[in-house]
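[1] All I have is the shape, not the residue letters:
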Ligand SMILES: NC(=O)c1ccc[n+]([C@@H]2O[C@H](COP(=O)([O-])OP(=O)(O)OC[C@H]3O[C@@H](n4cnc5c(N)ncnc54)[C@H](OP(=O)(O)O)[C@@H]3O)[C@@H](O)[C@H]2O)c1
């Protein structure tokens, strides 16, 4: 690794992602924010100071995920840390131009596709990949046919299910990258006071009031940053904040994980490309 680490943080313009970016800037890392809105991204970059770059793209749209990957490859000769933080708690059913349920794409397919499209650079850089997970994965119930298109949409369960799908991929990426120097872990940041799942209107105001007692984004960022900067080759782990924890049976189902992986390859258009796609 070079002296200055290049770190990529998706959804780094607010909430936990911003706090992660801020901590990385304070540690003299170069931070590349991936945000969907240029103006919000520029405001965050200016507030962060330090060495901060911006890549914009809507991670709910697969073609934009591909553009983000292209831009990251163009702008980052190495990627030392990749933090998949962008996430959405859907308060209503929204289908994307790819005719997929939005949170299924942002929370699950986008990090999957980014890992695959960036794979060559990750292998060259021996990247530490960190997925910002959610302890609520435990309540996920994946329906392979209905969940991707939102046919089983539910304001709470869909969030849990999409985070479960994302988490199921972590051990498979860890296996795929074993012995290469690339590591991948997942971490539940805690129950954190951010705008996640804000429904707007009166319910939004009430939720905001309730969140006042929740932990700060900086607290949520702490275990993420610790993992991002950890040395050593451990990989495929799940952390509940600072504590490593075993996966609940629903996320340790290897047969299900493989089916979700295969489906993600199909839905993202990776199927049919050879096994070294994205590698140097
Ligand atoms: N807060 C908690 O208690 C908690 C608990 C467990 C896990 N998490 C996880 O922590 C991560 C960060 O959440 P947070 O609490 O910090 O939420 P947040 O304040 O709502 O921030 C979410 C971030 O994701 C970005 N994002 C959403 N949709 C996107 C899209 N289509 N394309 C690109 N970026 C998009 C947002 O960008 P915009 O500003 O443009 O919307 C924002 O930067 C998520 O993965 C979440 O699941 C949070």
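    All right, it came through fine. All values derive from a computational prediction rather than experimental measurement.

[2] can we go C-alpha only for contacts and neighbour counts from here?
    Noted.

[3] low-confidence ranges in the stretch 151-280 of the chain?
    272-280 (pLDDT under 70).

[4] Kindly report the residues of it close to the ligand.
    188, 189, 190, 191, 192, 193, 194, 195, 196 (C-alpha under 6 Å from any ligand atom).

[5] Might one say that the second one is in contact with residue 221?
    Spelled out, that is residue 189. Yes. The pair residue 189 / residue 221 is scored as a contact, 6.7 Å apart, by C-alpha atoms under 8 Å.

[6] ok so, going back, taking the residues of the stretch 151-280 of the chain next to the ligand together, which two end up most distant?
    Maximum pairwise distance among these (C-alpha to C-alpha): 16.5 Å, between 188 and 195.

[7] Of these two, give the one with the bigger neighbour count.
    Ranked by neighbour count (other C-alpha atoms under 10 Å), residue 188 and residue 195 place residue 188 first, with 21 against 17.

[8] Next, the more buried one: phi, psi?
    Residue 188 adopts backbone torsions of phi -80, psi 120, taken as degrees, to the nearest 10.

[9] who's it bridged to?
    Here residue 188 sits in beta bridges with residue 240, going by DSSP bridges.

[10] Quick check: it touching residue 244?
    No. Look at residue 188 against residue 244 with C-alpha under 8 Å: they stay out of range, at 10.1 Å.

[11] overlap in contacts of those two?
    Taking C-alpha atoms under 8 Å, 6 or more residues apart in numbering as the contact rule, residue 188 and residue 244 both touch residue 238.

[12] The protein: helices as residue ranges?
    Applying DSSP state H to the chain gives helices spanning 15-26, 38-48, 62-75, 102-104, 110-117, 119-125, 157-177, 201-211, 217-229, 254-267.

[13] mind listing what the nearest residue to residue 88 once chain neighbours are set aside touches?
    Closest residue in space to residue 88, ignoring its immediate chain neighbours: residue 103 at 5.7 Å, by C-alpha to C-alpha, 6 or more residues apart in numbering. Applying C-alpha under 8 Å, 6+ apart to residue 103 gives the contacts 60, 87, 88, 89, 90, 158, 159, 162.

[14] Can you name the residues bridging to the residue nearest the centre of the chain?
    Closest to where the C-alpha atoms of the chain average out (C-alpha atoms, centre = their mean) is residue 84, at 2.5 Å. Using DSSP bridges, the bridge partners assigned to residue 84 are residue 131.

[15] Per-residue pLDDT of it, please?
    Per-residue pLDDT puts residue 84 at 99.

[16] cool, and residue 50?
    Predicted confidence (pLDDT) for residue 50: 89.

[17] Quick one: residues contacting it.
    Shown in contact with residue 50 (C-alpha under 8 Å, 6+ apart): 25, 26, 28, 30.

[18] what's the nearest residue to residue 251 if we skip its chain neighbours?
    With C-alpha to C-alpha, 6+ apart as the criterion, residue 251 has its nearest non-adjacent residue at 5.5 Å, and that residue is residue 168.

[19] Let me know whether the one you found touches residue 248 as I believe.
    No. With contact defined as C-alpha under 8 Å, residue 168 and residue 248 do not form a contacting pair (10.8 Å).

[20] With neighbour numbers in mind, choose between those two.
    A direct count of neighbours by other C-alpha under 10 Å for residue 168 and residue 248 places residue 168 higher, at 24 against 11.

[21] List the residues that contact that one.
    Applying C-alpha under 8 Å, 6+ apart to residue 168 gives the contacts 251, 252, 253, 257, 260.
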